[in-house]
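below are the sequence and a predicted model for it; my questions follow.
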Amino acid sequence: MPGGRLTQQERQQIGLGLADGLAYAEIARRLDRPTSTVTREVMRNGGPTAYRADLAHRATEHRTHRRRQTAPRGPDTSPQAHGRDAEAVRAYEETLTTVFMQSGTPKMTARVLSAICISDAGSLSASELVQRLQVSPASVSKAITFLEEQDLVRRERDERRRERYVVDDDVFYQSMIASARGTAQVAETARQGVGVLGSGTPAAVRLENIARFLDFVSESITRAADQAREILHTKRN
């Protein structure tokens, strides 16, 4: 399996594959590359509908040049805890970010969430995120606001009264429960439409089916989250 960075020819093949409607796995197979490599490449360069090989190649060259310029100050040059491989950690962080983006998370928000998730402390301050990601404080603030709205991070203050953003097991549990509540609310709103549109009419029947489906999903998510939390917390204790 070839290693190293993607070549311009490989990027052109990715573009052709996307135009033909091929899955990432099939494009990767034809290139003899890991699927994660193709996924990261596409997601960081506009996504499947906006990917352009020439623009992606120039953007990668620009990022590489910028990374070399900032390397003395960058986090990748710092000694890694627990003897970790700095390049492997960086690659994994990009993969995790890509997965979050595929689930619908905006790019900067996905980067912030990934950075916090892979930190040993499970938390980072705003200044640490700015330094680590090489972005503006405003970008971090906007991303944190989005994550808080999704119940994916919580705030706490350390011994120096600095605000830190935390991701832990309970945060993801709360996020799942919030998602279930939102789904239940959609179900209830759909059910209200049955009375408005007239019971038994095609539109009302459709809304009733939507409501019943979403009720089942919401209840299943809540039940699964509660069970998982109880089992995992019991095992830790």
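Thanks, I have it.

lowest-pLDDT helix or strand in the chain?
Each helix and strand of the chain was given a mean pLDDT (mean pLDDT, DSSP states H and E); the minimum falls on helix 53-70 at a mean of 69.

just give the number of residues close to the closest residue to E94 other than its chain neighbours.
Closest residue to E94 in three dimensions, ignoring its sequence neighbours and counting by Cβ to Cβ, 6 or more residues apart in numbering: R40, at 5.4 Å. Where C-beta positions appear, they are placed from N, C-alpha and C, glycine not excepted. The criterion is other Cβ atoms under 10 Å. On that basis, R40 has 20 neighbouring residues.

next one: D151
Using other Cβ under 10 Å, the number of residues around D151 comes to 18.

that one contacts Y173, doesn't it?
No: distance between D151 and Y173: 9.1 Å, which falls outside the contact criterion (Cβ atoms under 8 Å).

list residues touching both of those two?
With contacts taken as Cβ atoms under 8 Å, 6 or more residues apart in numbering, D151 and Y173 have no neighbour in common.

still on that earlier bit, my guess is the residue nearest to E94 contacts L96. True?
No: with contact defined as Cβ under 8 Å, R40 does not reach L96; the gap is 10.2 Å.

could you list the low-pLDDT ranges of this protein?
Screening the chain residue by residue with the criterion pLDDT under 70, one finds the ranges 1-3, 62-80, 234-237.

most centrally placed residue in it?
Nearest to the mean C-alpha position of the chain, counting by Cα atoms, centre = their mean, stands F100 at 1.4 Å.

hey, which helix is longest across this protein?
helix 202-236 (DSSP state H).
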